[in-house]
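Asker: got a sequence here, can you build the structure:
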Amino acid sequence: MKNLYRIFILSLCSVGLAIGSLAQTPQVRTSPVHPVADSYVLDYLQQVANQSGAPGVSAAVSVRGKTVFSGGVGYADLDNRVPQNGKTVHCIGSVSKAVAVIAVMQLEEKGLLNLNDEIQKYLPYMPKKQKPITINQILTHTSGIRHYAKQDNDNYNIKRMRHYDTFEEATTIFRDDPLLFEPGAYYSYSSYSSSLMHGIVEKVSGVPFEEYMKRNIWQPAGMLSTCFDVPSRIVANRGKGYVKDTDGTLVNAPYEDVSYKYSSGGILSTPEDMLKLAVALNKGVLLKPATLEKLYKPQFDKNKKDFRANPNQPKEPLEQGLIWWSGKDRQGRTWYGHSGTVKGTRSFLINFPAEQVVVAIQANIGSIKIDEYAIELAQLFLVDSGR
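Answerer: You can find the predicted model right below:
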């Protein structure tokens with residue numbers, strides 16, 4: 001037990017976390033599934049909150065397909081002092097992309113679309129550009145379609161305040177703009193590009209995008225607290241996001257209607273539900289093994305193909321699959337995952353399929369190194385599982 005605790009401390013220290021609150025070794029709960037105490041994880045989440053200034057931090061962890069931790073620290077809603085926990089609902093931002101792409105791959109698996117198809121086959125309202133754009137390119141951020149830009153913020157009502165009743169209407173924000181580069185030539189992260197998954201799924205399936213997600217992904221995976229982030233809806237356990245003002249004071253995040261980007265940043269979920277998504281993938285509930293392999297297969301190191309890459313600032317390899325990223329931890333174990341940032345929240349879902357360890361984490365503050373915290377939280381369970 002003491003050796004285990006020392007490993008945990010060293011793991012946290014490797015990313016510069018101060019662990020003053022872990023002076024006493026907690027009592028480990030006996031479990032046939034996994035021998036990590038909830039108090040370890042809660043102490044870790046408190047350190048994340050202390051370092052980032054997040055009002056609330058929550059997480060859920062699965063080992064060998066079973067949830068071994070779900071909880072949180074701090075508050076999901078500062079106005080009403082509502083505690084944050086594994087059932088707290090936040091918008092998961094770009095983790096939505098990793099959810100939505102499963103729908104595209106289900107349709108591809110059934111032969112209803114081909115990843116090499118031009119997007120206009122399903123989205124005739126999208127203007128033709130200098131060269132064809134394929135579904136594969138929007139799933140790998142190589143389409144040349146731009147990401148958010150200054151003009152979106154200058155005209156606030158176009159993007160953040162307006163509700164779009166149809167996806168076709170939402171594409172008017174960006175569809176007539178020139179491409180950044182010839183499709184396929186470079187990598188440039190684009191939420192507008194991946195938002196096209198919404199229109200493609202609707203066209204191919206013949207049902208509204210949210211209804212398709214409910215029937216084919218959320219319900220089969222048991223994700224009963226997941227839905228679109230519609231401001232007018234009453235959503236049980238919905239938390240709030242926060243940002244820091246210029247003087248460092250916490251304030252409510254600006255209002256935003258995300259109807260322009262449901263598939264790329266507009267899904268509400270919980271740590272528990274994000275966990276269920278990865279577990280369902282690992283168990284073959286949502287995709288066949290060959291399709292899942294195609295989803296995860298690295299297309300390129302995104303840092304090397306980045307349109308705006310600075311060669312003088314080398315970064316750790318981060319492979320780009322079909323929406324999902326992949327990397328390796330310090331022990332060389334492969335993970336797949338995605339992060340999300342929206343409306344004063346940060347989320348990360350990380351999956352180590354070979355080790356059967358999944359971690360989902362959320363924090364309700366817009367600036368936090370959520371990917372590092374997720375990977376470090378996973379290390380505790382990976383170490384304990386003897387891998």
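Asker: off-centre distance for stretch 251-259?
Answerer: 18 Å (Cα atoms, centre = their mean, to the nearest Å).
Asker: got the end-to-end distance for that stretch?
Answerer: 23 Å (Cα to Cα, to the nearest Å).
Asker: mind listing what's buried along it?
Answerer: Within stretch 251-259, the residues that count as buried by 16 or more other Cβ atoms under 10 Å are 253, 256-259. Where C-beta positions appear, they are placed from N, C-alpha and C, glycine not excepted.
Asker: where does P311 land on pLDDT?
Answerer: Per-residue pLDDT puts P311 at 66.
Asker: again, but for M161
Answerer: 82.
Asker: what is the burial count for it?
Answerer: 12 (other Cβ atoms under 10 Å).
Asker: distance check, it against D257.
Answerer: M161 sits 6 Å away from D257, taking Cβ to Cβ, to the nearest Å as the criterion.
Asker: same check on A360?
Answerer: According to Cβ to Cβ, A360 stands 25 Å off from D257.
Asker: so S62 belongs to a strand, correct?
Answerer: Yes - residue state for S62 (DSSP: H, G, I helix; E, B strand; the rest coil) corresponds to a strand.
Asker: any weak-confidence spans in this structure?
Answerer: Across the chain, the ranges flagged by pLDDT under 70 are 1-35, 153-159, 311-314, 384-387.
Asker: just give me the closest of the buried residues of stretch 251-259 to V89.
Answerer: Nearest to V89 out of those is V258 (Cβ to Cβ; 14.0 Å).
Asker: what sits closest to the closest one if chain neighbours are left out?
Answerer: Spatially, and ignoring its direct neighbours in sequence, V258 is nearest to G266 (3.5 Å; Cβ to Cβ, 6 or more residues apart in numbering).
Asker: what about the helices in the stretch 151-300 of the chain?
Answerer: For the stretch 151-300 of the chain, the helices defined by DSSP state H, counting those that start in this stretch occupy 156, 167-170, 191-194, 196-205, 209-213, 219-221, 262-265, 271-282, 289-296.
Asker: would you format the ones you listed as a markdown table with mean neighbour count and distance to T249 included?
Answerer: Listed next are the helices of the stretch 151-300 of the chain as a markdown table, based on neighbours: other Cβ atoms under 10 Å; distance: least, Cβ to Cβ, whole Å:
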| stretch | mean neighbour count | distance to T249 |
| --- | --- | --- |
| helix 156 | 13 | 22 |
| helix 167-170 | 20 | 33 |
| helix 191-194 | 25 | 28 |
| helix 196-205 | 23 | 36 |
| helix 209-213 | 19 | 36 |
| helix 219-221 | 16 | 39 |
| helix 262-265 | 26 | 26 |
| helix 271-282 | 25 | 27 |
| helix 289-296 | 15 | 42 |
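Asker: longest strand anywhere in this structure?
Answerer: strand 66-77 (DSSP state E).
Asker: how far off helix 271-282 does that one point, in degrees?
Answerer: 150 degrees (axes from the mean of the first three to the mean of the last three Cα atoms, to 10 degrees).
Asker: what about strand 66-77, distance to the chain center?
Answerer: 17 Å.
Asker: is it true that G266 touches S96?
Answerer: Yes - checked against Cβ atoms under 8 Å, the pair G266 and S96 is within contact range at 6.0 Å.
Asker: among the two, which residue is more densely surrounded?
Answerer: Higher neighbour count among G266 and S96: S96, with 34 against 27, using other Cβ under 10 Å.
Asker: distance-wise, check that one relative to P55.
Answerer: 22 Å.
Asker: nearest the geometric middle of the protein, what residue?
Answerer: The centre of the chain sits closest to V95, judged by Cα atoms, centre = their mean, with a distance of 2.1 Å.
Asker: using the three-state scheme, assign the spatially closest residue to M213 that is not a sequence neighbour.
Answerer: With Cβ to Cβ, 6+ apart as the criterion, M213 has its nearest non-adjacent residue at 6.3 Å, and that residue is A103. The assignment at A103 comes out as helix when based on three-state DSSP.
Asker: show me the contacts for A103.
Answerer: 197, 201, 205, 209, 212-213, 216-217 (Cβ atoms under 8 Å, 6 or more residues apart in numbering).
Asker: again, but for A354
Answerer: Listed by Cβ under 8 Å, 6+ apart, the contact set of A354 reads 333-334.
Asker: ok, the one 4 residues further on next?
Answerer: Listed by Cβ under 8 Å, 6+ apart, the contact set of V358 reads 61-62, 275, 278-279, 282, 349-352.
Asker: again, only using 10 Å
Answerer: 60-65, 67, 274-279, 281-282, 335-337, 349-352, 378, 381 (Cβ atoms under 10 Å, 6 or more residues apart in numbering).
Asker: didn't K244 look like it was pressed against G344?
Answerer: Yes - taking Cβ atoms under 10 Å as the definition, K244 is a contact partner of G344 at 9.5 Å.
Asker: for these two, indicate the residue with more neighbours.
Answerer: A direct count of neighbours by other Cβ under 10 Å for K244 and G344 places G344 higher, at 26 against 14.
Asker: residues near the residue lying closest to L287 once chain neighbours are set aside, how many?
Answerer: Leaving aside its sequence neighbours, L287 sits nearest to M105 (Cβ to Cβ, 6+ apart; 5.8 Å). Residues near M105, counting by other Cβ under 10 Å, number 21.
Asker: same thing with Q120?
Answerer: Q120, neighbours per other Cβ under 10 Å, totals 14.
Asker: next: the one 4 residues further on.
Answerer: Close neighbours of P124, defined as other Cβ under 10 Å, add up to 10.
Asker: which residues touch it?
Answerer: Contacts of P124 by Cβ under 10 Å, 6+ apart are 168, 199, 203.
Asker: same question for N116.
Answerer: 132, 134-137.
Asker: if we can go back for a sec, identify the farthest-apart pair in the contacts of A103.
Answerer: Most distant of the contacts of A103, by Cβ to Cβ, are M197 and N216, 13.5 Å apart.
Asker: so what's in contact with these two at the same time?
Answerer: 102-103.
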